[in-house]
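pasting a predicted model and its sequence here:
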Amino acid sequence: MPSLLITGADLLGRGAADVLVEDGVITEVGSIRSARGADVLDADGLVALPGLVDLHTHLREPGREDAETIASGAAAAAVGGFTAVLAMANTDPVTDTAEAAERILDLGRTTGLVDVIPVGAVTKSLAGEELAELGLMHRSRARTTVFSDDGRCVHDARVMRRALEYVRAFGGVVSQHAQDPHLAGPQACAHEGELSGRLGLPGWPGVAEESVVARDVMLARHTGSRVHVAHVSTAGTVEVVRWAKAQGIAVTAEVTPHHLVLTTDLLAGYDPTFKVNPPLRPQEDVDALRAALADGTIDAVATDHAPHARQDKEHAFVDAAFGMLGLETALAVVSDVMVGSGLLDWAGVARVMSQAPARIAGLGTHGGALEVGDAAHITLVDPTAELTVDRGASLSLSRNNPWHGRMLRGAVHATVFGGRVTAQKGALA
Amino acid sequence: MSTSARPLAPPHRRVRRHLLSSADLDRSQVRAILDTAAEMHGVQQREVKKLPTLRGRTVVNLFFEDSTRTRSSFEIAGKWLSADVINISGKGSSTSKGESLRDTVMTVAAMGVDALVVRHHASGAAHQVSQWVDAHVVNAGDGTHEHPTQALLDAYTMERRLGDLEGRHVVIVGDLTHSRVVRSNLITLRTLGARVTLVAPPTLMPSGIGAWSQADGFDLSHDLDAVLPTADAVMMLRVQRERMSGGFFPTPREYTVGYGLTRPRLDALMAANADAVICHPGPMNRGLEISPDAADAASSLVLDQVSAGVAVRMSVLYHLLAGNDEGEDS
């Protein structure tokens, strides 16, 4: 592999420098006159971030390869600036064994585009009853560290307690999809409020999330374990997490790009593109989530990239599948809404989209600070590029893209994974 | 030989392409539909009921949810206007892999249909269908959202007994959360200037109803006895017994005591206003939300509602189809 010289990039917003990459590692940072035989990537005017890490994707393989494969999801991730993605366990079959986890790891490696890290199921078949083989998944080549029944909540308090206690032995973490099934059942599909009442859509009240998060942080305190809250969607959950952190409880939290921007009023046209779980919330919640991401109460942005085949979305709203695409647009959304508003600087973006998620998932080679000796996972961002999202241009196999037609300021210019350029300007390199 | 003694008033020029929500109709449009319905009602009394108005047009009743009453009403309405009417029942839930709602609808539309009358268990279904097809779409009930022709026939029936509804007080009682009838009635009654009070236990009121009532100008109450004396019309909604398993109220007996139109309440209503009327969109749970005395009282409009249903649906089909020959949107 030839060496790579990236010239003139603003490193995490701390100032422009050149970066030399040799054998997949950053070997020199500063003013580099020349590097013999190196490919040169002119990054003047661009911001360099440590490669982005996504704690929450659904790559659909195995089981629904018509909606996404590990290869197509990895391609979308690379174009979106990611160098590592965690693949949720709710595939068919479920990732609840060491063998299943290793297969996903291996399929990810063959793409050569990003590290695909399998998330293990907390319970067998995601049934919420018996613990899956958490320890064997961790001992496997996949070194599974993050466990989640995402798509479903581990709602039995006793099962959640045992899972939290058990994974503590090897530094694991449970990522909880917080949804009390009695307060928000399978039909619940719209934020419970005036609009859901008018539209006649089954309500998904914020308290169904908040009450589970409140319980889980108390379980984490009781067991001395750490817990991660997936896709925080309400101001109430932010309050609970803020309180828990103040108590010293080991809780981390993520927010999706869509919950930072899109609001429940988009449901007025009954377009299932905007059907997602947890549902889009009102502006007050959106504002609270942005503030919490800025002040560190919420640690990370995670996409919850959820591709679906057309035939699973083109139903009546309550019958359509939950979820929306996110990998290719996440950086642009965060740039537009968080950097554009001054809530985060580029060092902050590096924190919430790379360093914090890498730390939560225990990914040692990701989430650095672009310093000598770091693995060369680098995302170059053009902060002034204006991107109008076109769902047809996606590398995902699916088209359930809620950002279609929107203009976002800030775009991924190129992605470097292990010293190799994997994507440039919306296409694979 | 013409079967019509005199020509119908021309269709309202601004009635939209579809009838998806009661909010699609402003006051003059509601007025036009109700006036035409009165003419149609006259036709209904004749021995030969058919009008040639929609000859050569095809109306498909696409029902994803069983409803013999509404389907029959639309079927008769279409046939008396000389349209070709076809009934298609869709599968119940289509969440399984395979044919999507869009596939089903496009398949039917591809046969060359002028109007689709859509009934679906899911809120918003008619709205979605209207975005996929060229045909006119009439919402014949979508989930717990709306049922605009029911609201029109309710208004028609009440007007015939009460006269102009402007300033009249209509009290709607029952399972508001799960009722598409109430959402459409609220809109149409407010459009006609009526005063509306909704009565239910808090567990059967839609979420956010407080803000909604303030924005749209209607009243809420949990005390039926307090509002009955000022009512000109009382509309009792069906309460499904299965709601009990969801814990919305403790027992049918307790519901009836709190919110049923019982004999004593009927007497109180009549004592306060001898001209007050009683409506129920059916099917009735006699003994639960409405006592037999109330259902069969002289003040009950239940059968008039059914009869008006055909005339109102004839009028709706007439205004949508006869007025939009070129299918221009508005």
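Nice, I can see it.

so which bits of the stretch 151-300 of chain B are right by chain A?
B:177, B:180, B:183, B:206-209, B:211-212, B:215 (CB under 8 Å from any CB of the partner chain). Every C-beta, even on glycine, is put in place using the N, C-alpha and C of the backbone.

one more time with 6 Å
B:206-209, B:211-212 (CB under 6 Å from any CB of the partner chain).

among those residues, who's most crowded?
residue B:206 (24 neighbours; other CB atoms under 10 Å in any protein chain shown).

show me the helices in the stretch 51-200 of chain A, by range?
Assigned by DSSP state H, counting those that start in this stretch, the helices in the stretch 51-200 of chain A fall at A:70-79, A:98-111, A:134-139, A:157-167, A:194-199.

how many other residues sit next to residue A:71?
Around residue A:71 there are 20 residues (other CB under 10 Å).

pretty sure it is touching residue A:111, no?
Yes: Residue A:71 is within contact range of residue A:111, at 5.2 Å (criterion: CB atoms under 6 Å).

quick revisit: relative to residue B:16, which of the helices of the stretch 51-200 of chain A is closest?
helix A:194-199 (19.4 Å; CB to CB).

now do that closest one: which elements does it pack against?
Counting contacts by 3 or more CB pairs under 6 Å, 6 or more residues apart in numbering or on different chains; DSSP states H and E, helix A:194-199 is packed against helix B:209-216.

and the helix it packs on, C-alpha only, in CSV?
Output in CSV follows, covering the C-alpha atoms of helix B:209-216 (Å, rounded to 0.1, in the frame of the first residue of the first chain):
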residue,chain,number,x,y,z
ILE,B,209,-57.4,16.9,23.3
GLY,B,210,-57.0,19.9,25.7
ALA,B,211,-54.8,21.8,23.3
TRP,B,212,-56.9,20.6,20.4
SER,B,213,-60.2,21.8,21.9
GLN,B,214,-58.7,25.2,22.5
ALA,B,215,-57.3,25.5,19.0
ASP,B,216,-60.5,24.4,17.3
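
how distant is that helix from the center of its chain?
21 Å (CA atoms, centre = their mean, to the nearest Å).

contact partners for the nearest residue to residue A:184 once chain neighbours are set aside?
In space, and not counting its chain neighbours, residue A:184 is closest to residue A:208: 3.7 Å by CB to CB, 6 or more residues apart in numbering or on different chains. Listed by CB atoms under 6 Å, 6 or more residues apart in numbering or on different chains, the contact partners of residue A:208 are A:179-180, A:183-184.

and those residues, which two are the farthest apart?
Farthest-apart pair in the contacts of residue A:208 is A:179 and A:183; separation 8.0 Å (CB to CB).

please enumerate the helices of the stretch 1-150 of chain B.
Counting by DSSP H, counting those that start in this stretch, the helices of the stretch 1-150 of chain B are B:27-44, B:68-80, B:101-109, B:125-130, B:148-162.

now render those helices as a markdown table, adding mean pLDDT, mean neighbour count and distance to residue A:334.
Rendered in a markdown table, the data for the helices of the stretch 1-150 of chain B read as follows (pLDDT from 0 to 100; neighbours: other CB atoms under 10 Å in any protein chain shown; distance: least, CB to CB, whole Å):
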| stretch | mean pLDDT | mean neighbour count | distance to residue A:334 |
| --- | --- | --- | --- |
| helix B:27-44 | 94 | 19 | 47 |
| helix B:68-80 | 95 | 20 | 49 |
| helix B:101-109 | 91 | 19 | 33 |
| helix B:125-130 | 96 | 27 | 32 |
| helix B:148-162 | 98 | 24 | 43 |
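
a markdown table for the ones you listed, including distance to residue A:164?
Shown next, in a markdown table, are the helices of the stretch 1-150 of chain B (distance: least, CB to CB, whole Å):
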| stretch | distance to residue A:164 |
| --- | --- |
| helix B:27-44 | 59 |
| helix B:68-80 | 52 |
| helix B:101-109 | 41 |
| helix B:125-130 | 42 |
| helix B:148-162 | 52 |
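
among those helices, which comes closest to residue A:90?
Comparing the helices of the stretch 1-150 of chain B by CB to CB, helix B:101-109 comes nearest, at 24.2 Å.

about what we covered before: tell me the SS of the residue nearest to residue A:184?
Of the three states, residue A:208 takes helix according to DSSP: H, G, I helix; E, B strand; the rest coil.

chain B contacts on chain A?
Counting by CB under 6 Å from any CB, the residues of chain A close to chain B are A:192-194, A:196-197, A:199-201, A:203, A:270, A:311, A:314-319.

if you set the cut-off to 8 Å instead, what comes out?
Counting by CB under 8 Å from any CB, chain A sits next to chain B at A:192-201, A:203, A:205, A:269-271, A:310-319.

buried ones among the residues you listed?
A:192-201, A:203, A:205, A:270-271, A:311-319 (16 or more other CB atoms under 10 Å in any protein chain shown).

show me what contacts residue B:73?
B:306, B:309-310, B:313 (CB atoms under 8 Å, 6 or more residues apart in numbering or on different chains).

what of residue A:166?
By CB under 8 Å, 6+ apart, the contact list for residue A:166 reads A:131, A:134-135, A:172.

low-confidence ranges, chain B, go.
Along chain B, segments meeting pLDDT under 70 span B:1-7, B:13-14, B:91-98, B:244, B:323-330.

buried residues of stretch A:415-429, list them for me.
Buried residues in stretch A:415-429 (16+ other CB under 10 Å): A:415-424, A:426.

in space, not sequence, find me the middle residue of chain A.
Nearest to the mean C-alpha position of chain A, counting by CA atoms, centre = their mean, stands residue A:302 at 2.3 Å.
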